[in-house]
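A.B. asks: Just a sequence and a predicted model for now, questions to come.
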Amino acid sequence: MRTFGRLLITIVALSILGGSVAAPPATAQAPGAPFTIGVLAPVTGIFNSYARDIIDGARLYLDEVNGEMAKRKVELVVEDYAVKPDVALTKARKLVERDQAKALVGVVLSASAIAIKDYVTAQKVPFIISGFAVAESLTLQHNPYIFRMTYGAAMVPSPMAKWVYKNLKARTAVLVGSDSVGTLELVLAFGRAFEDAGGKVVQEIYAPLGTPDFSPYVARIRRDVDVLAALVAGADGVRFIKAFQEFGLKGKIPVVDVAVGFTDLTYLPAAGDAVLGVYSSQPYTFTINTPRNQKFVQAFRAKFGREPGSPATFTYDAVAAIDQAMKATGGNIEDSARFAEALRKTDLDAPRGRIRFDRFNHVISDVHLSRIEKVGDRMLPVVIETVPGVDQFVGMDQAEYVKRPRLINLKGTFGK
(Lines give C-alpha, C1' and ligand atoms only; values in the text may rest on other atoms or scores of the structure.)
Protein backbone atom coordinates (compact mmCIF):
# COMPACT_ATOMS: atom_id res chain seq x y z
CA MET A 1 0.00 0.00 0.00
CA ARG A 2 1.27 3.45 -0.85
CA THR A 3 1.08 6.10 1.82
CA PHE A 4 0.77 9.76 0.95
CA GLY A 5 2.22 12.37 3.22
CA ARG A 6 1.89 16.11 3.54
CA LEU A 7 1.52 17.83 0.19
CA LEU A 8 1.99 21.58 -0.06
CA ILE A 9 -0.20 22.30 -3.02
CA THR A 10 2.06 24.97 -4.51
CA ILE A 11 5.09 22.74 -4.92
CA VAL A 12 4.08 19.11 -5.40
CA ALA A 13 1.66 19.17 -8.32
CA LEU A 14 3.54 16.48 -10.23
CA SER A 15 4.47 14.19 -7.35
CA ILE A 16 1.16 13.55 -5.62
CA LEU A 17 0.90 10.03 -6.98
CA GLY A 18 4.54 9.14 -6.38
CA GLY A 19 5.82 7.32 -3.16
CA SER A 20 5.58 8.72 0.32
CA VAL A 21 6.57 11.86 2.15
CA ALA A 22 6.82 11.84 5.91
CA ALA A 23 4.57 14.36 7.64
CA PRO A 24 6.12 16.57 10.30
CA PRO A 25 4.74 16.48 13.85
CA ALA A 26 1.42 18.30 14.06
CA THR A 27 1.33 21.72 15.66
CA ALA A 28 -1.51 23.97 16.72
CA GLN A 29 -2.72 26.22 13.93
CA ALA A 30 -3.09 29.91 14.65
CA PRO A 31 -5.56 32.04 12.70
CA GLY A 32 -3.98 32.94 9.38
CA ALA A 33 -1.64 29.96 9.47
CA PRO A 34 -1.75 27.20 6.82
CA PHE A 35 -4.38 24.56 7.39
CA THR A 36 -4.78 21.01 6.14
CA ILE A 37 -7.47 19.20 4.16
CA GLY A 38 -7.24 15.42 4.34
CA VAL A 39 -8.02 13.35 1.25
CA LEU A 40 -9.00 9.69 1.60
CA ALA A 41 -8.55 7.93 -1.74
CA PRO A 42 -8.37 4.17 -2.53
CA VAL A 43 -5.31 4.31 -4.77
CA THR A 44 -4.66 0.60 -4.24
CA GLY A 45 -7.41 -1.72 -5.51
CA ILE A 46 -10.26 -1.86 -7.99
CA PHE A 47 -11.24 1.79 -7.47
CA ASN A 48 -7.83 3.29 -8.28
CA SER A 49 -9.19 5.33 -11.20
CA TYR A 50 -11.74 6.91 -8.87
CA ALA A 51 -8.90 7.70 -6.45
CA ARG A 52 -6.98 9.51 -9.17
CA ASP A 53 -10.06 11.60 -9.95
CA ILE A 54 -10.60 12.43 -6.28
CA ILE A 55 -7.04 13.64 -5.89
CA ASP A 56 -6.96 15.59 -9.13
CA GLY A 57 -10.31 17.27 -8.48
CA ALA A 58 -8.94 18.65 -5.21
CA ARG A 59 -5.70 19.72 -6.87
CA LEU A 60 -7.45 21.57 -9.68
CA TYR A 61 -9.61 23.67 -7.38
CA LEU A 62 -6.68 24.60 -5.17
CA ASP A 63 -4.64 25.54 -8.21
CA GLU A 64 -7.45 27.85 -9.32
CA VAL A 65 -7.35 29.72 -5.99
CA ASN A 66 -3.53 29.73 -5.86
CA GLY A 67 -3.49 27.35 -2.92
CA GLU A 68 -5.23 29.80 -0.59
CA MET A 69 -8.59 30.14 1.11
CA ALA A 70 -9.51 33.25 3.08
CA LYS A 71 -5.84 34.35 2.87
CA ARG A 72 -4.65 31.06 4.42
CA LYS A 73 -2.41 28.58 2.62
CA VAL A 74 -3.97 25.15 2.10
CA GLU A 75 -2.08 21.89 2.41
CA LEU A 76 -3.38 18.56 1.14
CA VAL A 77 -2.53 15.28 2.79
CA VAL A 78 -3.60 12.27 0.75
CA GLU A 79 -3.97 8.80 2.26
CA ASP A 80 -4.54 5.51 0.45
CA TYR A 81 -6.81 3.14 2.39
CA ALA A 82 -6.86 0.36 -0.24
CA VAL A 83 -10.69 -0.05 -0.16
CA LYS A 84 -10.50 -1.44 3.40
CA PRO A 85 -12.86 0.09 5.97
CA ASP A 86 -10.57 -0.61 8.93
CA VAL A 87 -7.67 1.02 7.11
CA ALA A 88 -9.91 3.98 6.23
CA LEU A 89 -10.50 4.54 9.95
CA THR A 90 -6.79 4.24 10.71
CA LYS A 91 -5.95 6.76 7.99
CA ALA A 92 -8.69 9.13 9.14
CA ARG A 93 -7.19 9.06 12.64
CA LYS A 94 -3.76 9.77 11.20
CA LEU A 95 -5.05 12.70 9.15
CA VAL A 96 -6.86 14.27 12.10
CA GLU A 97 -4.47 13.54 14.95
CA ARG A 98 -1.05 13.67 13.28
CA ASP A 99 -1.65 15.95 10.31
CA GLN A 100 -4.19 18.16 12.08
CA ALA A 101 -6.59 18.04 9.13
CA LYS A 102 -9.51 20.39 9.67
CA ALA A 103 -11.73 18.76 7.05
CA LEU A 104 -11.75 15.46 5.16
CA VAL A 105 -12.91 14.71 1.61
CA GLY A 106 -13.01 11.65 -0.61
CA VAL A 107 -13.86 7.98 0.15
CA VAL A 108 -15.17 5.29 -2.13
CA LEU A 109 -17.27 2.46 -0.62
CA SER A 110 -20.09 2.96 1.85
CA ALA A 111 -18.52 0.59 4.39
CA SER A 112 -15.47 2.86 4.55
CA ALA A 113 -17.56 5.99 5.10
CA ILE A 114 -19.57 4.21 7.79
CA ALA A 115 -16.34 3.06 9.47
CA ILE A 116 -15.11 6.63 10.00
CA LYS A 117 -18.44 8.37 10.56
CA ASP A 118 -18.51 8.12 14.36
CA TYR A 119 -14.84 9.04 14.69
CA VAL A 120 -15.00 12.27 12.69
CA THR A 121 -18.22 13.20 14.46
CA ALA A 122 -16.59 12.76 17.87
CA GLN A 123 -13.60 14.81 16.68
CA LYS A 124 -15.89 17.48 15.19
CA VAL A 125 -14.08 17.35 11.86
CA PRO A 126 -16.31 17.97 8.81
CA PHE A 127 -16.21 15.04 6.42
CA ILE A 128 -17.47 15.64 2.87
CA ILE A 129 -18.05 12.40 0.97
CA SER A 130 -16.83 13.14 -2.54
CA GLY A 131 -16.10 9.67 -3.90
CA PHE A 132 -18.84 7.08 -3.89
CA ALA A 133 -20.55 6.12 -0.63
CA VAL A 134 -24.29 5.92 -1.12
CA ALA A 135 -25.57 4.08 1.98
CA GLU A 136 -28.86 5.59 3.12
CA SER A 137 -27.85 5.51 6.78
CA LEU A 138 -25.16 8.15 6.32
CA THR A 139 -27.54 11.08 5.86
CA LEU A 140 -31.05 9.98 6.85
CA GLN A 141 -30.66 11.84 10.13
CA HIS A 142 -28.88 15.12 10.74
CA ASN A 143 -25.21 14.92 11.68
CA PRO A 144 -23.53 18.35 11.65
CA TYR A 145 -20.17 16.93 10.54
CA ILE A 146 -21.15 14.47 7.79
CA PHE A 147 -21.82 15.84 4.29
CA ARG A 148 -22.53 14.00 1.06
CA MET A 149 -21.49 15.83 -2.11
CA THR A 150 -22.15 12.83 -4.35
CA TYR A 151 -25.56 11.15 -4.13
CA GLY A 152 -27.58 8.86 -1.91
CA ALA A 153 -28.88 5.46 -2.89
CA ALA A 154 -32.30 6.55 -4.14
CA MET A 155 -31.36 9.87 -5.73
CA VAL A 156 -29.84 8.70 -9.02
CA PRO A 157 -31.51 5.35 -9.84
CA SER A 158 -35.07 6.52 -9.16
CA PRO A 159 -35.37 9.07 -12.02
CA MET A 160 -33.91 6.51 -14.42
CA ALA A 161 -36.35 3.80 -13.30
CA LYS A 162 -39.28 6.09 -14.03
CA TRP A 163 -37.77 7.09 -17.37
CA VAL A 164 -37.24 3.44 -18.40
CA TYR A 165 -40.83 2.56 -17.51
CA LYS A 166 -42.22 5.53 -19.43
CA ASN A 167 -39.91 5.79 -22.43
CA LEU A 168 -38.67 2.24 -23.01
CA LYS A 169 -42.07 0.80 -22.07
CA ALA A 170 -40.27 -1.72 -19.87
CA ARG A 171 -42.54 -3.71 -17.59
CA THR A 172 -40.19 -6.41 -16.24
CA ALA A 173 -36.64 -6.05 -14.97
CA VAL A 174 -33.71 -8.04 -13.63
CA LEU A 175 -31.37 -6.47 -11.07
CA VAL A 176 -27.63 -7.22 -11.21
CA GLY A 177 -25.18 -5.78 -8.71
CA SER A 178 -21.99 -6.09 -6.72
CA ASP A 179 -22.73 -7.63 -3.33
CA SER A 180 -21.71 -4.60 -1.26
CA VAL A 181 -23.89 -2.23 0.76
CA GLY A 182 -23.71 0.78 -1.55
CA THR A 183 -24.09 -1.02 -4.86
CA LEU A 184 -26.90 -3.15 -3.48
CA GLU A 185 -28.82 -0.11 -2.30
CA LEU A 186 -28.47 1.51 -5.72
CA VAL A 187 -29.90 -1.40 -7.70
CA LEU A 188 -32.55 -1.99 -5.06
CA ALA A 189 -33.55 1.70 -5.27
CA PHE A 190 -34.03 1.23 -9.01
CA GLY A 191 -36.13 -1.85 -8.30
CA ARG A 192 -38.35 -0.04 -5.82
CA ALA A 193 -38.85 3.00 -8.08
CA PHE A 194 -39.51 0.73 -11.07
CA GLU A 195 -42.23 -1.11 -9.17
CA ASP A 196 -43.63 2.17 -7.83
CA ALA A 197 -44.01 3.22 -11.48
CA GLY A 198 -45.93 0.02 -12.28
CA GLY A 199 -43.19 -2.41 -13.34
CA LYS A 200 -42.14 -5.73 -11.85
CA VAL A 201 -38.66 -6.94 -10.83
CA VAL A 202 -38.56 -10.64 -11.63
CA GLN A 203 -34.95 -11.57 -10.77
CA GLU A 204 -32.02 -10.48 -8.59
CA ILE A 205 -28.38 -11.50 -9.19
CA TYR A 206 -25.47 -10.39 -7.02
CA ALA A 207 -21.74 -11.08 -7.33
CA PRO A 208 -18.93 -10.48 -4.80
CA LEU A 209 -16.62 -7.52 -5.29
CA GLY A 210 -13.56 -8.62 -7.25
CA THR A 211 -15.36 -11.37 -9.20
CA PRO A 212 -12.89 -12.46 -11.92
CA ASP A 213 -15.38 -14.20 -14.21
CA PHE A 214 -18.98 -13.10 -14.68
CA SER A 215 -19.97 -15.94 -17.01
CA PRO A 216 -21.85 -17.89 -14.30
CA TYR A 217 -23.84 -14.80 -13.38
CA VAL A 218 -24.65 -13.76 -16.94
CA ALA A 219 -25.76 -17.31 -17.71
CA ARG A 220 -28.46 -16.98 -15.04
CA ILE A 221 -30.06 -13.85 -16.52
CA ARG A 222 -33.62 -14.41 -17.68
CA ARG A 223 -33.97 -13.83 -21.40
CA ASP A 224 -37.60 -12.70 -21.25
CA VAL A 225 -37.10 -9.43 -19.33
CA ASP A 226 -37.62 -5.94 -20.74
CA VAL A 227 -34.60 -4.32 -19.08
CA LEU A 228 -31.51 -5.20 -17.06
CA ALA A 229 -30.62 -2.70 -14.32
CA ALA A 230 -27.06 -3.01 -13.05
CA LEU A 231 -24.57 -1.51 -10.69
CA VAL A 232 -21.42 -3.58 -10.91
CA ALA A 233 -18.61 -1.61 -9.32
CA GLY A 234 -15.26 -0.58 -10.72
CA ALA A 235 -13.33 -2.86 -13.06
CA ASP A 236 -15.82 -5.64 -12.20
CA GLY A 237 -18.35 -3.75 -14.31
CA VAL A 238 -16.17 -3.95 -17.39
CA ARG A 239 -15.86 -7.73 -16.99
CA PHE A 240 -19.62 -7.98 -16.52
CA ILE A 241 -20.67 -5.98 -19.59
CA LYS A 242 -18.13 -7.79 -21.76
CA ALA A 243 -19.46 -11.14 -20.58
CA PHE A 244 -22.98 -9.90 -21.32
CA GLN A 245 -21.89 -9.18 -24.90
CA GLU A 246 -20.07 -12.51 -25.24
CA PHE A 247 -23.26 -14.34 -24.31
CA GLY A 248 -25.01 -12.69 -27.26
CA LEU A 249 -27.34 -10.59 -25.09
CA LYS A 250 -26.23 -7.18 -26.33
CA GLY A 251 -29.06 -5.57 -28.30
CA LYS A 252 -31.59 -8.10 -27.02
CA ILE A 253 -32.06 -6.78 -23.48
CA PRO A 254 -31.64 -3.03 -22.86
CA VAL A 255 -29.10 -2.32 -20.12
CA VAL A 256 -29.20 0.49 -17.57
CA ASP A 257 -26.22 1.44 -15.42
CA VAL A 258 -28.25 2.79 -12.52
CA ALA A 259 -25.49 5.10 -11.25
CA VAL A 260 -21.76 5.48 -11.83
CA GLY A 261 -20.64 1.97 -12.70
CA PHE A 262 -19.12 0.67 -15.92
CA THR A 263 -20.35 3.76 -17.78
CA ASP A 264 -18.02 5.96 -15.75
CA LEU A 265 -15.69 7.80 -18.08
CA THR A 266 -12.63 6.01 -16.77
CA TYR A 267 -14.00 2.58 -17.74
CA LEU A 268 -15.48 3.35 -21.16
CA PRO A 269 -12.25 2.70 -23.10
CA ALA A 270 -11.83 -0.73 -21.51
CA ALA A 271 -15.49 -1.62 -22.03
CA GLY A 272 -15.30 -0.77 -25.74
CA ASP A 273 -18.33 -1.41 -27.91
CA ALA A 274 -19.82 -3.71 -25.27
CA VAL A 275 -21.16 -0.57 -23.59
CA LEU A 276 -22.62 0.99 -26.76
CA GLY A 277 -26.31 1.81 -26.27
CA VAL A 278 -26.26 1.38 -22.47
CA TYR A 279 -28.29 3.94 -20.52
CA SER A 280 -26.84 5.61 -17.45
CA SER A 281 -27.95 7.92 -14.69
CA GLN A 282 -25.40 10.26 -13.11
CA PRO A 283 -25.25 13.63 -11.38
CA TYR A 284 -22.31 14.47 -13.62
CA THR A 285 -20.90 13.62 -17.02
CA PHE A 286 -18.24 15.66 -18.73
CA THR A 287 -20.45 16.00 -21.82
CA ILE A 288 -22.95 18.30 -20.06
CA ASN A 289 -23.31 21.16 -22.52
CA THR A 290 -23.14 24.28 -20.35
CA PRO A 291 -20.56 27.09 -20.28
CA ARG A 292 -19.70 26.34 -16.63
CA ASN A 293 -19.00 22.69 -17.32
CA GLN A 294 -17.11 23.37 -20.54
CA LYS A 295 -14.80 25.74 -18.65
CA PHE A 296 -14.20 23.08 -15.98
CA VAL A 297 -13.54 20.32 -18.52
CA GLN A 298 -11.13 22.51 -20.45
CA ALA A 299 -9.16 23.33 -17.29
CA PHE A 300 -9.10 19.72 -16.15
CA ARG A 301 -8.02 18.46 -19.57
CA ALA A 302 -5.28 21.10 -19.81
CA LYS A 303 -3.84 20.13 -16.43
CA PHE A 304 -4.21 16.35 -16.46
CA GLY A 305 -4.52 15.37 -20.11
CA ARG A 306 -7.88 13.64 -19.72
CA GLU A 307 -11.55 14.40 -19.11
CA PRO A 308 -12.87 14.45 -15.53
CA GLY A 309 -14.88 11.58 -14.14
CA SER A 310 -17.58 12.08 -11.54
CA PRO A 311 -15.30 11.83 -8.46
CA ALA A 312 -13.11 14.62 -9.87
CA THR A 313 -16.11 16.91 -10.09
CA PHE A 314 -17.52 15.88 -6.71
CA THR A 315 -14.19 16.56 -5.00
CA TYR A 316 -13.68 19.82 -6.87
CA ASP A 317 -17.12 20.83 -5.57
CA ALA A 318 -16.28 19.65 -2.04
CA VAL A 319 -13.14 21.78 -1.91
CA ALA A 320 -15.08 24.71 -3.40
CA ALA A 321 -17.63 24.31 -0.60
CA ILE A 322 -14.83 24.42 1.97
CA ASP A 323 -13.58 27.62 0.33
CA GLN A 324 -17.04 29.16 0.44
CA ALA A 325 -17.38 28.27 4.13
CA MET A 326 -13.90 29.68 4.82
CA LYS A 327 -15.00 33.00 3.36
CA ALA A 328 -18.22 32.94 5.38
CA THR A 329 -16.35 32.33 8.65
CA GLY A 330 -13.50 34.71 8.03
CA GLY A 331 -11.09 31.80 7.65
CA ASN A 332 -11.85 30.37 11.09
CA ILE A 333 -12.04 26.67 10.30
CA GLU A 334 -10.86 25.91 13.84
CA ASP A 335 -14.35 26.83 15.12
CA SER A 336 -15.66 23.55 13.75
CA ALA A 337 -19.29 24.01 14.79
CA ARG A 338 -19.53 27.40 13.11
CA PHE A 339 -17.60 26.17 10.09
CA ALA A 340 -19.88 23.12 9.69
CA GLU A 341 -22.92 25.37 9.81
CA ALA A 342 -21.38 27.52 7.06
CA LEU A 343 -20.76 24.38 4.99
CA ARG A 344 -24.41 23.44 5.34
CA LYS A 345 -25.33 26.72 3.64
CA THR A 346 -23.27 25.89 0.54
CA ASP A 347 -24.80 27.19 -2.68
CA LEU A 348 -22.58 26.81 -5.74
CA ASP A 349 -22.75 27.12 -9.50
CA ALA A 350 -20.90 23.85 -10.09
CA PRO A 351 -19.92 22.07 -13.31
CA ARG A 352 -22.94 19.78 -12.95
CA GLY A 353 -25.33 22.66 -12.21
CA ARG A 354 -26.51 24.35 -9.03
CA ILE A 355 -25.69 22.42 -5.85
CA ARG A 356 -26.69 22.95 -2.25
CA PHE A 357 -27.29 20.82 0.84
CA ASP A 358 -30.57 19.80 2.43
CA ARG A 359 -31.04 20.01 6.20
CA PHE A 360 -29.38 16.60 6.53
CA ASN A 361 -26.23 17.80 4.70
CA HIS A 362 -27.00 15.80 1.57
CA VAL A 363 -26.47 17.43 -1.79
CA ILE A 364 -29.38 18.55 -3.96
CA SER A 365 -28.41 18.55 -7.62
CA ASP A 366 -29.53 17.79 -11.14
CA VAL A 367 -29.47 14.18 -12.38
CA HIS A 368 -28.45 13.61 -15.99
CA LEU A 369 -29.81 10.62 -17.92
CA SER A 370 -27.52 9.56 -20.75
CA ARG A 371 -27.03 6.97 -23.46
CA ILE A 372 -23.60 5.70 -24.45
CA GLU A 373 -23.00 6.48 -28.11
CA LYS A 374 -20.03 6.39 -30.45
CA VAL A 375 -18.81 9.93 -31.02
CA GLY A 376 -15.96 9.90 -33.49
CA ASP A 377 -13.81 7.00 -32.36
CA ARG A 378 -14.87 7.15 -28.70
CA MET A 379 -17.71 5.79 -26.57
CA LEU A 380 -19.21 8.75 -24.73
CA PRO A 381 -22.29 9.49 -22.60
CA VAL A 382 -24.73 11.72 -24.46
CA VAL A 383 -27.28 13.42 -22.20
CA ILE A 384 -30.85 12.64 -23.24
CA GLU A 385 -32.67 14.24 -20.32
CA THR A 386 -31.86 16.28 -17.22
CA VAL A 387 -33.96 16.03 -14.07
CA PRO A 388 -33.42 19.23 -12.05
CA GLY A 389 -32.94 19.58 -8.30
CA VAL A 390 -33.15 15.97 -7.15
CA ASP A 391 -32.73 15.27 -3.41
CA GLN A 392 -31.99 12.13 -1.44
CA PHE A 393 -35.67 11.54 -0.70
CA VAL A 394 -36.63 11.91 -4.40
CA GLY A 395 -39.35 14.44 -3.65
CA MET A 396 -40.83 12.71 -0.62
CA ASP A 397 -40.97 14.24 2.84
CA GLN A 398 -38.18 12.86 5.01
CA ALA A 399 -40.62 11.60 7.62
CA GLU A 400 -42.53 9.64 4.98
CA TYR A 401 -39.38 8.34 3.32
CA VAL A 402 -37.95 6.88 6.53
CA LYS A 403 -41.18 4.97 7.14
CA ARG A 404 -40.41 2.86 4.08
CA PRO A 405 -38.21 -0.22 4.49
CA ARG A 406 -34.51 0.51 4.26
CA LEU A 407 -33.23 -0.31 0.79
CA ILE A 408 -30.70 -2.86 1.99
CA ASN A 409 -33.56 -4.85 3.53
CA LEU A 410 -35.19 -5.23 0.13
CA LYS A 411 -32.46 -7.63 -1.02
CA GLY A 412 -34.04 -10.94 -1.95
CA THR A 413 -37.61 -9.64 -1.73
CA PHE A 414 -38.21 -8.97 -5.42
CA GLY A 415 -39.52 -11.54 -7.86
CA LYS A 416 -41.53 -13.34 -5.21
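C.D. replies: Perfect, I can see it now. Residues are numbered from 1 along each chain as shown.
A.B. asks: packing partners for the host helix or strand of residue 324?
C.D. replies: Following DSSP states H and E, one finds residue 324 within helix 310-328. Packed against helix 310-328, as judged by 3 or more C-beta pairs under 8 Å, 6 or more residues apart in numbering; DSSP states H and E, are the following elements: strand 35-40, helix 48-64, strand 68-69, strand 101-108, strand 127-132, helix 291-304, helix 336-344, strand 347-350. For every residue, glycine as well, the C-beta is placed using N, CA and C.
A.B. asks: how about the ones you listed in JSON lines, adding mean neighbour count?
C.D. replies: Formatted as JSON lines, the helices and strands packed on helix 310-328 follow (neighbours: other C-beta atoms under 10 Å):
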{"stretch": "strand 35-40", "mean neighbour count": "27"}
{"stretch": "helix 48-64", "mean neighbour count": "24"}
{"stretch": "strand 68-69", "mean neighbour count": "20"}
{"stretch": "strand 101-108", "mean neighbour count": "29"}
{"stretch": "strand 127-132", "mean neighbour count": "30"}
{"stretch": "helix 291-304", "mean neighbour count": "15"}
{"stretch": "helix 336-344", "mean neighbour count": "19"}
{"stretch": "strand 347-350", "mean neighbour count": "16"}
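A.B. asks: Quick check: which of those is nearest to residue 265?
C.D. replies: helix 48-64 (8.7 Å; C-beta to C-beta).
A.B. asks: Off-centre distance for the closest one?
C.D. replies: 13 Å (C-alpha atoms, centre = their mean, to the nearest Å).
A.B. asks: What score does the nearest residue to residue 95 once chain neighbours are set aside have for pLDDT?
C.D. replies: Nearest residue to residue 95 in three dimensions, chain neighbours excluded: residue 38, at 3.4 Å (C-beta to C-beta, 6 or more residues apart in numbering). On pLDDT, residue 38 comes in at 98.
A.B. asks: shift numbering so it begins at 45
C.D. replies: With 45 as the first residue, the last one maps to residue 82.
A.B. asks: before we move on, the earlier item: now do the buried residues in the helix holding residue 368.
C.D. replies: 354-370, 372 (16 or more other C-beta atoms under 10 Å).
A.B. asks: which residues touch the spatially most central residue of the chain?
C.D. replies: The centre of the chain sits closest to residue 176, judged by C-alpha atoms, centre = their mean, with a distance of 3.0 Å. Residue 176 makes contact with 91, 94, 152, 153, 194, 226, 304, 354, 355, according to C-beta atoms under 8 Å, 6 or more residues apart in numbering.
A.B. asks: Same list, those, but as CSV with distance to residue 162 please.
C.D. replies: Below are these laid out as CSV (distance: C-beta to C-beta, whole Å):
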residue, distance to residue 162
91, 23
94, 24
152, 19
153, 17
194, 20
226, 18
304, 26
354, 27
355, 24
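A.B. asks: Tell me the one of these nearest residue 348?
C.D. replies: Comparing these against residue 348 with C-beta to C-beta places residue 355 closest, at 12.9 Å.
A.B. asks: one step back: average the pLDDT values over the helix holding residue 368 and round to the nearest integer.
C.D. replies: 97.
A.B. asks: Also stretch 101-118?
C.D. replies: Mean predicted confidence for stretch 101-118 is 97.
A.B. asks: which residues touch that stretch?
C.D. replies: 52-54, 57, 60, 76-81, 83, 120, 149, 174, 343-344, 347-348, 352, 355-364, 366-367, 370-371, 373-375.
A.B. asks: ditto for stretch 331-340
C.D. replies: 330, 352, 357, 360, 393-397, 412, 414, 424-427.
A.B. asks: about what we covered before: can you put the helices and strands packed on helix 354-372 in CSV and add distance to residue 418?
C.D. replies: Output for these, formatted as CSV (distance: least, C-beta to C-beta, whole Å):
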stretch, distance to residue 418
strand 79-84, 35
helix 92-108, 21
strand 112-113, 42
strand 145-152, 29
strand 171-176, 26
helix 335-348, 20
helix 380-388, 41
strand 391-394, 28
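A.B. asks: Of all those, which one is nearest residue 127?
C.D. replies: strand 145-152 (7.0 Å).
A.B. asks: Which members of the contacts of stretch 331-340 define the maximum pairwise distance?
C.D. replies: Taking C-beta to C-beta, no two of these sit farther apart than 393 and 424, at 24.1 Å.
A.B. asks: got any ranges where this protein has weak pLDDT?
C.D. replies: 45-75 (pLDDT under 70).
A.B. asks: Using the record's domain definitions, break it down for me.
C.D. replies: Per automatic domain parsing, the structural domains of the chain span 50-196+333-405, 201-326+410-454.
A.B. asks: Include distance to residue 460 when you put these into a markdown table, please.
C.D. replies: Output for those, formatted as a markdown table (distance: least, C-beta to C-beta, whole Å):
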| stretch | distance to residue 460 |
| --- | --- |
| domain 50-196+333-405 | 22 |
| domain 201-326+410-454 | 10 |
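A.B. asks: which residues in the stretch 95-244 of the chain form helices?
C.D. replies: With helices called from DSSP state H, counting those that start in this stretch, the stretch 95-244 of the chain shows them at 129-137, 154-167, 201-211, 225-241.
A.B. asks: Redo those as CSV? Include mean neighbour count and distance to residue 281.
C.D. replies: Formatted as CSV, the helices of the stretch 95-244 of the chain follow (neighbours: other C-beta atoms under 10 Å; distance: least, C-beta to C-beta, whole Å):
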stretch, mean neighbour count, distance to residue 281
helix 129-137, 19, 21
helix 154-167, 20, 17
helix 201-211, 22, 15
helix 225-241, 26, 10
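A.B. asks: can I get those in a markdown table with distance to residue 289?
C.D. replies: Formatted as a markdown table, the helices of the stretch 95-244 of the chain follow (distance: least, C-beta to C-beta, whole Å):
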| stretch | distance to residue 289 |
| --- | --- |
| helix 129-137 | 33 |
| helix 154-167 | 29 |
| helix 201-211 | 20 |
| helix 225-241 | 20 |
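A.B. asks: Tell me which of the ones you listed approaches residue 283 most closely.
C.D. replies: Using C-beta to C-beta, the nearest of the helices of the stretch 95-244 of the chain to residue 283 is helix 225-241, at 14.5 Å.
A.B. asks: hmm, who's touching the following helix or strand past the closest one?
C.D. replies: Per DSSP H and E, helix 225-241 leads on to strand 244-251 as the next helix or strand towards the C-terminus. With contacts defined as C-beta under 8 Å, 6+ apart, strand 244-251 is touched by 215-223, 228, 235, 238-239, 258, 261, 264-266, 269, 276, 280, 284, 455-456, 458-459.
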